[in-house]
Every structure is written in C-alpha cells, then in structure tokens.
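Chemist: how does the following fold in three dimensions:
(2 chains)
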Amino acid sequence: MGLGGWETPLPNLDTTAPVQRVALIDYGSGNVRSVERALAEAAQRAGLAADVRLTRDPGFVAEADAIVLPGQGAFAACMSALSADAPLLAAMTEAVRGKRTPFLGICVGMQLLMTKGLEHGEHAGLGWIGGVCHVLQTTERLPHMGWNAVTPTRRHAVLDGLVPQRHMVFMHSYVVEPDSADAIVATADYGASFACAIARDNMIGVQFHPEKSQAAGLDLLARFLAWRPA
Amino acid sequence: MTLAARIIPCLDVKDGRVVKGVNFVGLRDAGDPAELAALYDSQGADEICFLDISASVEGRGALLDAVKRTAERCFTPLTVGGGVRTPNDVKALLAAGADKVSINTAAIQTPEVINEASAAFGAQCIVVAIDAKQTAPGRWEIFTHGGRRETGIDAVAFAQEAAERGAGELLVTSMDRDGVKSGYDLDLLRQITEKVRVPIIASGGAGSLQHLVEAITIGRASAALAASIFHFGTHSLGEARAALAAAGVPVRTVA
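Modeler: Model prediction:
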C-alpha cells in the first residue's frame, strides 16, 4: 500500500497466514459502518486477510485475533450501552485482559478505558488504563473539530513510522488523562497539549478517527491489524 | 494551535442525484453524489457535505442510499443535511454512514430537537444550519424553506441559542450571497464567531480562493464551504489549500 507519508514501511506480513478475525464491538454506537469499512479497506490495501465483523456475539469476540471498540456520543451513554450487554462485555474483558487479544479503542471507545469519566457527572469506566476522562481545557472553540496534527511521544508498533505533525480527524470535546504519563504515546495541541493516543500492554486507544483520516488513518489501522504485542 | 482550517465541497442532492451541473471530465457518472464525493476525497477534501433538497419519501430513500455508497468509498468526514426533522431522521443518516447531520428548518421551528439530538448522539455530530439575510445594518434574520420564508428571528441570537442547546457546529449561510460569488458575508460571520464558541462553517458566496481565505482570516470561521468553484473546476482543492497556506492559515498536509 502507499505509505501516505509514513516513514517506515509496514513490517513484512505473512499474507499466507490464516484469516484474522477482527471483532468490531456492536453495542449500538453511531456510525460503526465506517469503522467496519475502513478496517476491511486497510486490510485489503496491506494485503492482509481479515474477516472484519460487526458483532455482539461473545463467542466470536472470545476467539477474535483483534478487537476494536468504537464509540460516539457521551461517556456515560456508551458505558451503560456496553454494560447492558453483560455476556458481550464479559467476553471482551476476558479476551483483552485475560487472553491479551490486541485491542483498539476509538474516540469514546478509547475514553472508556479510563477509570472514570466526568461528562454529565462522574461515571465509572472500564478502568483498564488508570485515569480520567474530562473536558478539554482550552480557550479554543469546542468541540475540537477537524484535522489536527498528531505527534508521537514514544515508540509504539501501531504508530511506528507516523510522521510528526501528521493530521488526523478529531470530533470531540472530552479527552483522557492517564494516571501514568507512560501510557501516553502521542499528543495533539489545541490551545493545550493533550493525550491523543494511549497504550498499555495489548491495548491502544486513539482519540482521533483513523477511519475518517484518509490514507494516514488506513495506514494506522493496517498497523494495528499487523500488531503482535509481546 | 495546529488545527487545520477545513475546506468543504458541498453537493446539492435531489432524489439521490447531484442537482447543480458538475463539470468534471472523466467521471463515469457526474450526477452520482458518491462518485463525486470519492473524487473530492481523492483530492484531499477535509470534509464533504451533502444538502438534500428532495421533497418526497422516495427522494429521502435515494439520499440514504447515496450516503451509504459514499461511506463505502470515502474515508473522510461526511456531513448530511436537508429535511432533517426528528432525532430518528438523524439516526437514519448516521446509520447510513453520515458523520454529522445538519438540522435546518426544524431547528428553528422546534429548537428542542437540537437538545434531543445532541443528547442522543453527541454534540460532535449535530450541526445547526442557519440561513440568514441582512434586514438592516448590523441585523440579520433567519429565513427557512430555502430562503423563501422569513421568520423575524435574529440570526446572531439564534446562533447563540443553538450552541447552548447542544449544536456542535453552526453552518452559517448568507442568503444574500448564496450563488452570487461575491464573497462570504464576513460581517455576519464575525458577529456570530465573536459570540459563539462552537466552530462555525462559512457558507454562501464563495467565488474565488481569496474568499475562502477571508472566511477564515476575517470571518474567523473554522471551515469554508463552497460548491460551484470546485464543481466547475474553477479551482481545485489543492489550489484552495495552497491559497490558505500562503495567507498563513494552518492547513493539513495531504499525501
């Protein structure tokens, strides 16, 4: 695939490997079709065989090779929609926390990784990465809408090769603040610097929308699909 | 601040077809919104906008189909407006693949729909479209139904109300300038951008690259929406980005 301005090519991929099962968690969040399409497109462009499924089937989630949690709207609404499907949440938790299946959270799907969210009151999150989700402290206009530059702050396989100042699409007012600065892998600047990508172990979350960020976003998704966390 | 100013090509769609003629060579079907959107996507459009002017149920169905086909091929934000009356209309468009939905007449007639849609889907996907005409020096009023019906509502005051009710963006169209190509109504934009904190999309009047620049630098808009200058190939999106960059406006790098 075209590198779209990325510095390093994707690692050599074994395209004869078995089809990767990608579980895109279906819990009623808006515009998940775009994420589904972008994952399939990213896989195709990178020559990866992927079976991307929008699913709420605990069995598929348990067996998946990668899990993607999208999210749109308010923190509490997303968390309660996710919690309402107990078997799905249990399967996802076991896969990500027990089996260490590679996990990508997008926008609110990333914010839910935090211990708590402060949008419309205080609400518990998944707590898989300690921290809090709060409104972006800035004097600029909110919501933060459009293409902003992303700066990697430390190396990570999914962001590797991301040229500093590469633009990605943002559509949000809330941001995450992990307890440990080590969890931050990229920042963006909007009147103030904030964490726009966080990672720990087999989990990575991005505040921006790779599925809406043209070639740069598809490249990131391909790197996620190719990611084999230690 | 490194947020890039956005340039948004806008397509008027009726019964699933692009209304105003579009002058592009090499397109298989220049009347297909999805085909045009894919072209703009490939040119690095920061966002794409469809405004539906269908009046029939069949037209709405055709629009949803066009949105679906666009979302299949375009990996850039898509805003869709026109005829959106209820949270269910918003939901249908989001489900079809729109990232943001613009509410126009209904937002004026029943402003509670802004609160409801914002609470249900998040402010980031709710755009309120304000069509305004200048009625006196320093005063603009809102017109609905494509500019045919006057409401007597002060456009600047309503912009503030819409933002308070949960709109994540305002699409501000000058009905005086729409189609005239004499430039955006910069006074109107300034009035609104000074009083409202959500991002403003400037619309109505773009006839040159300089107009796009002025919408951002003088009007203080976050985005400039334009139709004919792109559709007729007067200017490319690349030229628009270069003009903004030359004026010192942050733009994104397009691969």
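Chemist: give me the low-pLDDT residue ranges for chain A?
Modeler: A:1-17 (pLDDT under 70).
Chemist: show me where it has its strands.
Modeler: In chain A, the strands defined using DSSP state E lie at A:20-25, A:50-55, A:66-69, A:103-106, A:116-117, A:123-124, A:131-135, A:144-152, A:166-172, A:174-178, A:184-189, A:193-200, A:203-206.
Chemist: in TSV, list those strands along with distance to chain B and mean neighbour count.
Modeler: C-beta here means a position set from N, CA and C on the backbone, and glycine is covered the same way. Listed next are the strands of chain A as TSV, based on distance: least, CB to the nearest CB, whole Å; neighbours: other CB atoms under 10 Å in any protein chain shown:
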stretch	distance to chain B	mean neighbour count
strand A:20-25	15	24
strand A:50-55	12	18
strand A:66-69	15	25
strand A:103-106	13	28
strand A:116-117	13	20
strand A:123-124	15	16
strand A:131-135	11	18
strand A:144-152	4	24
strand A:166-172	4	26
strand A:174-178	10	22
strand A:184-189	5	21
strand A:193-200	10	22
strand A:203-206	15	28
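Chemist: okay if I get those strands as JSON lines plus distance to B:Arg197?
Modeler: Putting the strands of chain A into JSON lines (distance: least, CB to CB, whole Å) gives the following:
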{"stretch": "strand A:20-25", "distance to B:Arg197": "33"}
{"stretch": "strand A:50-55", "distance to B:Arg197": "35"}
{"stretch": "strand A:66-69", "distance to B:Arg197": "30"}
{"stretch": "strand A:103-106", "distance to B:Arg197": "26"}
{"stretch": "strand A:116-117", "distance to B:Arg197": "22"}
{"stretch": "strand A:123-124", "distance to B:Arg197": "24"}
{"stretch": "strand A:131-135", "distance to B:Arg197": "12"}
{"stretch": "strand A:144-152", "distance to B:Arg197": "12"}
{"stretch": "strand A:166-172", "distance to B:Arg197": "15"}
{"stretch": "strand A:174-178", "distance to B:Arg197": "15"}
{"stretch": "strand A:184-189", "distance to B:Arg197": "19"}
{"stretch": "strand A:193-200", "distance to B:Arg197": "18"}
{"stretch": "strand A:203-206", "distance to B:Arg197": "25"}
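Chemist: for B:Thr105, which of the ones you listed is the nearest?
Modeler: The closest of those to B:Thr105 is strand A:144-152. By CB to CB, the value is 23.3 Å.
Chemist: dig out what A:Val169 forms beta bridges with.
Modeler: A:Trp147 (DSSP bridges).
Chemist: in chain A, which helix has the most residues?
Modeler: helix A:32-45 (DSSP state H).
Chemist: which residues touch that helix?
Modeler: With CB atoms under 8 Å, 6 or more residues apart in numbering or on different chains as the test, helix A:32-45 has contacts from A:1-2, A:20, A:22, A:24, A:26, A:48-50, A:52, A:54, A:68, A:70, A:106, A:210-212, A:217-219, A:221-222, A:225, B:68, B:71-72, B:75, B:95-97, B:99.
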